[in-house]
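[1] Need coordinates for the following:
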Amino acid sequence: MATSNRVATEETAIRERNSTAADEAAIRHLLENWASAVRAQDFNAILANHSADIVMFDVPPPLESKGIEAYRKTWDLFFSWSHDPVVFAFKDMRITAGHDVAFVAALMHCAGTEKTGEKTEFDFRLTTGLRKMAGGWMVTHEHHSIPASS
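    Here you go, the predicted model:
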């Protein structure tokens, strides 16, 4: 009996690891597609997989945006400062996924040309909270930040 319990426990552990790996891969894919949508300035794709009641904390005002429409408006501001092409890329991404909740801590690089012609580059931090809803992952929280300048 002990052997069958051990085998069942090992099989459960393997299923959980496979499920976690699949969730982490799905989340990575979702966020890479989001970054690609930002580079393409594709608003529909940027908003995809974001909860209707998303909360975002951002660097430029407003400090807090609540809801998908407020979140969408923050991208108008972002795209108003730069001409194509916009660099918006992950430098590092760490994903922690549970059964129905996950978070991502990432470092990103952004660069573009301002309307004045001046080139701008900066690195920023991204923290994303996700919930599994109807079998798929949805972003419910986004937090962008830059290090304080001294």
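
[2] which parts of whichever strand or helix holds Phe78 are buried?
    Taking DSSP states H and E as the criterion, Phe78 maps to helix 68-80. Buried residues in helix 68-80, counted by 16 or more other C-beta atoms under 10 Å: 71-72, 74, 78. In this view, the C-beta of every residue, glycine as well, is placed from N, C-alpha and C.

[3] Which parts of this structure are strands?
    50-57, 64-66, 82-97, 101-114, 119-133, 136-145 (DSSP state E).

[4] what distance separates the last one from the middle of the whole chain?
    Averaging C-alpha positions (C-alpha atoms, centre = their mean, to the nearest Å) puts strand 136-145 5 Å from its chain's average.

[5] what's the answer for the fifth one, then?
    Strand 119-133 sits 5 Å away from the centroid of its parent chain (C-alpha atoms, centre = their mean).

[6] Quickly run through the sheet partners of that strand, with directions.
    strand 101-114 (antiparallel), strand 136-145 (antiparallel) (DSSP bridges).

[7] same question, the shortest one
    Strands flanking strand 64-66 in the sheet, each with its direction: strand 50-57 (antiparallel) (DSSP bridges).
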